[in-house]
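In: Got a sequence here, can you build the structure:
(2 chains)
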Amino acid sequence: MSLWDRLFGSRNQASGAVAKERLQLVLVHDRVKLSPELIETLKSEIIAVITKHVQIDEQHMEIELTHGKGFQKLRADIPILASRDGVATRRMH
Amino acid sequence: MTNGSNGSAPAATLGRVVTITSGKGGVGKTTTTANIGVALALQGKRVVCIDADIGLRNLDVVMGLENRIVYDIVDVVEGRARLRQAMIKDKRLPELYLIPAAQTRDKSAVSPEQMQSLCADLKKDMDFVLVDSPAGIEQGFKNAIAGADEVLIVTTPEVSAVRDADRIIGLCEAAEKGSPRLIINRIRPSMVRRGDMLSVDDVLEVLAIDLIGIVPDDESIIVTTNRGAPAAMDPQALAGQAYRNIAARLTGHDVPLMVLKDNDGLFRRIGNLFRAKPA
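Out: Numbers count the residues shown, from 1 in each chain, chains lettered A, B, ... in the order given. The predicted structure is shown next:
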């Protein structure tokens, strides 16, 4: 969803469609019973496992609950840091 | 009048205990219970409706039987009355009864085990035992589903009611009551058409359970409730027809979903405007 849509989209959308979207989002959280704290814990543990093998861009990593048709899913979007020659870029500590 | 599958044979088949619940209050559980009860009785079924909302008795006024209460469900459970004494007969129909809630007690006056044995006793003599559940997910709800063979969930096309319905579906499945079936109440076709109300398909997609019926938002419900004669008794009432359809589906008849007419749509009004002009 673009920034424009986020800011202005729902204003033009019929309220029934807004209701459906909001319901689907809230029910994903109701059904799975994963608290935001637990999602944060999951996120840091996933980072720990993956960074053993690959350099990732932790700042832009996203993990969220979402829904498919008839099921809930946890979606993780993890950008990998890599240089053009295939060697992971090293960040300075 | 048919005798259903029970007849008077000694080895009679048991009736079915159907609980009507919703999670959210004010979506029409009591109206639904009364109307399905009437509609099943019109089919010749032997039906008893139980008001399980102890402390907030209401099924009696919706059914128009409030002046005939002597004993209530707590009197039965505590042994002050026999089951038959607490069953108020609706004289307008061949076999429709009400067991009213107690008004001066609270939910803790009845336990799930007591409710279960009450339902078990009733289904020996009845084709249908309809239990009108209180709102919420606390003890009153647990009592209401304790004896249920199947559960019907009432919702309206609103985010709060649908969200609560989802919670109740989860609780029914956890209580191993099978997958409940859904009644979508108070649909306003004109609002659905202009996209300002969740449609039947929207609600079904979100909740992912089977539908047993839809009921239009119909003034006849208020008028018939005012009189204490449920809409299902009125052959003219649209909502009454919707409830008779639900009762037919409950008894295994394949009735198509009611097509809800949109009487006050903008296009229709414009259409009428043009039609009113001379050609």
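
In: What about the residue of the stretch 51-200 of chain B found nearest chain A, how many residues nearby?
Out: Closest residue of the stretch 51-200 of chain B to chain A, Cβ to the nearest Cβ: residue B:195 (2.9 Å). Placement of C-beta: from N, CA and C, glycine included. As a burial measure, residue B:195 scores 14 neighbours (other Cβ atoms under 10 Å in any protein chain shown).

In: Chain A: helices as residue ranges?
Out: Using DSSP state H, the helices assigned to chain A run over residues A:3-4, A:10-12, A:15-32, A:36-50.

In: Deepest-packed of those, please.
Out: helix A:15-32 (a mean of 16; mean count of other Cβ atoms under 10 Å in any protein chain shown).

In: tilt between that one and helix A:36-50?
Out: 70 degrees (axes from the mean of the first three to the mean of the last three Cα atoms, to 10 degrees).

In: residues touching the residue of chain A found nearest chain B, list them.
Out: For chain A and chain B, the shortest gap (Cβ to the nearest Cβ) falls at residue A:14, measuring 2.9 Å. Going by Cβ atoms under 8 Å, 6 or more residues apart in numbering or on different chains, residue A:14 touches B:194, B:195, B:196.

In: For it, report the pLDDT, please.
Out: Here the pLDDT value assigned to residue A:14 is 92.

In: now it: how far from residue B:191?
Out: The gap separating residue A:14 from residue B:191 is 10 Å, by Cβ to Cβ, to the nearest Å.

In: Can you give me the neighbour number for residue B:81?
Out: As a burial measure, residue B:81 scores 17 neighbours (other Cβ under 10 Å).

In: Does the residue of the stretch 51-200 of chain B closest to chain A touch residue A:18 like I think?
Out: No. The pair residue B:195 / residue A:18 is not scored as a contact, 9.6 Å apart, by Cβ atoms under 8 Å.

In: Could you look up the SS state of residue B:57?
Out: At residue B:57 the chain is in coil, as set by DSSP: H, G, I helix; E, B strand; the rest coil.

In: Name the nearest residue to it, sequence neighbours excluded.
Out: Leaving aside its chain neighbours, residue B:57 sits nearest to residue B:101 (4.2 Å; criterion: Cβ to Cβ, 6 or more residues apart in numbering or on different chains).

In: isn't that neighbour right up against residue B:71?
Out: No. In this structure, residue B:101 is not within contact of residue B:71 by Cβ under 8 Å, at 11.5 Å.

In: quick one: low-confidence parts of chain B?
Out: Chain B contains residues with pLDDT under 70 at B:1-12, B:263-279.
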